[in-house]
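Q: Mind looking at a prediction? Sequence and model below.
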Amino acid sequence: MRRAVCPGSYDPATNGHLDIIERAAQLFDEVVVAVLINKKKQGLFSVEERLEMLREITEKLPNVRVDSWHGLLVDYCRQHGIVAIAKGLRSVSDFDYELQMAQMNRELSGVETLLMSNNPAYSFLSSSLVKEVATYGGDVSQMVPEVVNERLVQRLTRPE
């Protein structure tokens with residue numbers, strides 16, 4: 001069985017994330033969507049909330065499962081028999097960073113990285129930008145899955 005991982009913070013997951021997950025699911029027998037835990041960063045959503053939302057938005061993909069991990073991604077890959085890391089690229093700056101990470105991960109473990117160009121419709125999307133727009137009351141409903149939009153509105157709507 002050929003397994004890949006789609007790592008990220010997913011705080012929150014966007015339609016760009018979902019596009020890469022769906023496309024990776026067509027290429028591999030199993031895809032693990034791994035929420036990487038960074039204890040130094042305070043997220044808008046807890047890790048448990050992110051896992052729950054990801055499970056809901058990927059439930060229609062039978063070969064996708066959702067997990068979390070604290071530590072080196074390559075260690076997760078070794079422990080779970082994962083041969084590839086699937087990542088989306090939005091820009092040249094993404095490529096510069098991801099190329100260095102891909103080379104380091106291959107050197108550390110032999111795990112390959114598949115860098116997938118994002119759908120141009122999502123090339124501007126980032127979790128940070130979505131959170132910023134939503135914080136100021138902007139409509140991000142076309143940028144995130146419905147369940148994520150509902151949670152964003154619920155989390156960021158404050159009574160006046």
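A: Sure thing, it's come through. Worth saying up front: this structure is predicted, and the values here are computed from it rather than measured.

Q: Show me which positions of stretch 29-42 end up buried.
A: For stretch 29-42, a neighbour-count test (16 or more other Cβ atoms under 10 Å) marks 30-36 as buried. Bear in mind the C-beta positions are built from the backbone N, C-alpha and C, glycine included.

Q: Show me how far it is from its chain's centre.
A: 7 Å (Cα atoms, centre = their mean, to the nearest Å).

Q: Distance across that stretch, terminal residue to terminal residue?
A: Using Cα to Cα, to the nearest Å, one end of stretch 29-42 lies 33 Å from the other.

Q: any idea of the mean pLDDT in stretch 88-103?
A: Taken as a whole, stretch 88-103 has a mean pLDDT of 89.

Q: Helices - which of the buried residues of stretch 29-42 land there?
A: Among the buried residues of stretch 29-42, no residue falls in helices (DSSP state H).

Q: pLDDT below threshold where in this structure?
A: The chain contains residues with pLDDT under 70 at 158-160.

Q: follow-up on the earlier one: mind checking which of the buried residues of stretch 29-42 are in strands?
A: 30-36 (DSSP state E).

Q: Restrict stretch 78-86 to CA atoms and write it as CSV.
A: Output of stretch 78-86 as CSV, limited to C-alpha atoms (Å, rounded to 0.1, in the frame of the first residue of the first chain):
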residue,chain,number,x,y,z
ARG,A,78,8.8,6.2,9.3
GLN,A,79,6.4,5.1,12.0
HIS,A,80,3.4,4.8,9.7
GLY,A,81,5.1,3.4,6.5
ILE,A,82,4.5,6.7,4.6
VAL,A,83,6.6,7.0,1.4
ALA,A,84,5.6,10.6,0.3
ILE,A,85,4.7,14.0,1.6
ALA,A,86,2.2,15.8,-0.6
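
Q: Helix, strand, or coil at R65?
A: strand (DSSP: H, G, I helix; E, B strand; the rest coil).

Q: who's it bridged to?
A: Here R65 sits in beta bridges with V32, as judged by DSSP bridges.
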